[in-house]
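[1] This is the structure alone, sequence omitted:
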């Protein structure tokens with residue numbers, strides 16, 4: 001689930017960047033690159049409406065995946081102490097120490 005959300009998040013990010021770059025801003029956007037003064041002549045008459053809706057959909061998808069990934073990553077335990085792995089290692093170490101007799105030291 002986590003990997004799937006991450007893939008969707010990256011895809012939504014890339015599409016959002018591309019859609020924003022294609023929109024006609026003060027400089028004309030992508031349509032100015034091709035020598036036209038209007039997006040209506042290159043991409044059709046309803047391009048501005050489509051790009052506005054596509055931006056809104058991608059932005060909502062980006063926000064939802066961002067929040068979902070934040071919630072999922074906060075619930076994932078990355079600490080060894082919280083997961084019990086450290087306690088298992090300590091118990092095994094204590095068992096090994098008890099199994100081996102202590103060698104006498106001569107001073």
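    Thanks, I have the structure now. Since this is a predicted model, take the numbers as computed values, not measurements.
[2] immediately after the lowest-mean-pLDDT helix or strand in the chain, which helix or strand?
    Lowest on mean pLDDT, DSSP states H and E among the helices and strands of the chain sits helix 39-43, with a mean of 52. Once the chain leaves helix 39-43, the next helix or strand it forms, by DSSP states H and E, is helix 47-75.
[3] helices and strands around that following helix, which ones?
    helix 2-22, helix 39-43 (3 or more Cβ pairs under 8 Å, 6 or more residues apart in numbering; DSSP states H and E). For every residue, glycine as well, the C-beta is placed using N, CA and C.
[4] Out of those, the one nearest residue 51 is which?
    helix 2-22 (6.0 Å; Cβ to Cβ).
[5] Could you list every helix and strand in contact with that closest one?
    Going by 3+ Cβ pairs under 8 Å, 6+ apart, helix 2-22 lies up against helix 47-75.
[6] Flag every buried residue along the helix it packs on.
    Neighbour counts using 16 or more other Cβ atoms under 10 Å place 47, 48, 51, 54, 55, 58, 61, 62, 65, 68 of helix 47-75 among the buried residues.
[7] show me the residues around the last one that make contact.
    Right, the one you point to is residue 68. residue 5 (Cβ atoms under 8 Å, 6 or more residues apart in numbering).
[8] Per-residue pLDDT of it, please?
    On the pLDDT scale, residue 68 is placed at 94.
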